[in-house]
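Enquirer: Here is the input, now give the coordinates:
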Amino acid sequence: MQLEKYSKPLLRIVMSLVFLYFGFQQIMSPAAWAGFVPDYALVFGLTAEKIVLGNALLELSLGALLLFGLYVRFASLILALHLFGIGFSLGFNALAVRDYGLAFATLVIFLNGSDNFCLDKVFKKK
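Expert: Coordinates of the predicted model:
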């Protein structure tokens, strides 16, 4: 049985659901996430809650692109770099290690590019 053809879309879809979940959680309760915003990010009069909401919009929009397989390389690269930045800001602890793992998984999506189940492939055929 050839299951390998499902590995790339499975990783892409599962990672998109992770980003969509966290983005949705941040939209619903930005105050609960404000404590994760590092002090150096509070520039230009932005509050931690506004940064969380901006982060949520980034994760929701790019997560949706990943889910549907649109602009896969662009979305996955931005999300991978974003997660590496989050991990770096956390230092070396359990949360950072988790974020580095997710960042590398997202980087693999970037390296793979669009899979056979992406809308990118549908639009390229036309």
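
Enquirer: for S114, what are its contacts?
Expert: Applying CB atoms under 8 Å, 6 or more residues apart in numbering, we find S114 in contact with G69, V72, R73, D120, K121. No exception for glycine: its C-beta is placed from N, CA and C like everyone else's.

Enquirer: separation between the nearest residue to it once chain neighbours are set aside and I109?
Expert: If the residues on either side of it in the chain are set aside, S114 comes closest to D120, at 4.1 Å by CB to CB, 6 or more residues apart in numbering. From D120 across to I109, the span is 12 Å (CB to CB, to the nearest Å).

Enquirer: Within the helices and strands, which one has the spatially most central residue of the chain?
Expert: Using CA atoms, centre = their mean, the residue of the chain that lies closest to the mean C-alpha position is L79, 4.0 Å off. For L79, the host element (DSSP states H and E) is helix 72-90.

Enquirer: what packs against the helix or strand following that helix?
Expert: Using DSSP H and E, the helix or strand that follows helix 72-90 in sequence is helix 94-112. Here helix 94-112 touches helix 7-28, helix 72-90, going by 3 or more CB pairs under 8 Å, 6 or more residues apart in numbering; DSSP states H and E.

Enquirer: Now helix 94-112: buried residues?
Expert: A96, D99, Y100, L102, A103, A105, T106, L107, V108, I109, F110, N112 (16 or more other CB atoms under 10 Å).

Enquirer: With stretch 80-92 instead?
Expert: Under the neighbour-count criterion of 16+ other CB under 10 Å, stretch 80-92 has A80, H82, L83, F84, I86, G87, L90 buried.

Enquirer: Over to stretch 30-44?
Expert: P30, W33, A34, F36, V37.

Enquirer: Would you format the residues you listed as CSV with secondary structure, pLDDT and distance to I51 included?
Expert: Below are the buried residues of stretch 30-44 laid out as CSV (DSSP: H, G, I helix; E, B strand; the rest coil; pLDDT from 0 to 100; distance: CB to CB, whole Å):
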residue, secondary structure, pLDDT, distance to I51
P30, helix, 94, 9
W33, helix, 92, 9
A34, helix, 92, 8
F36, helix, 85, 10
V37, coil, 87, 5
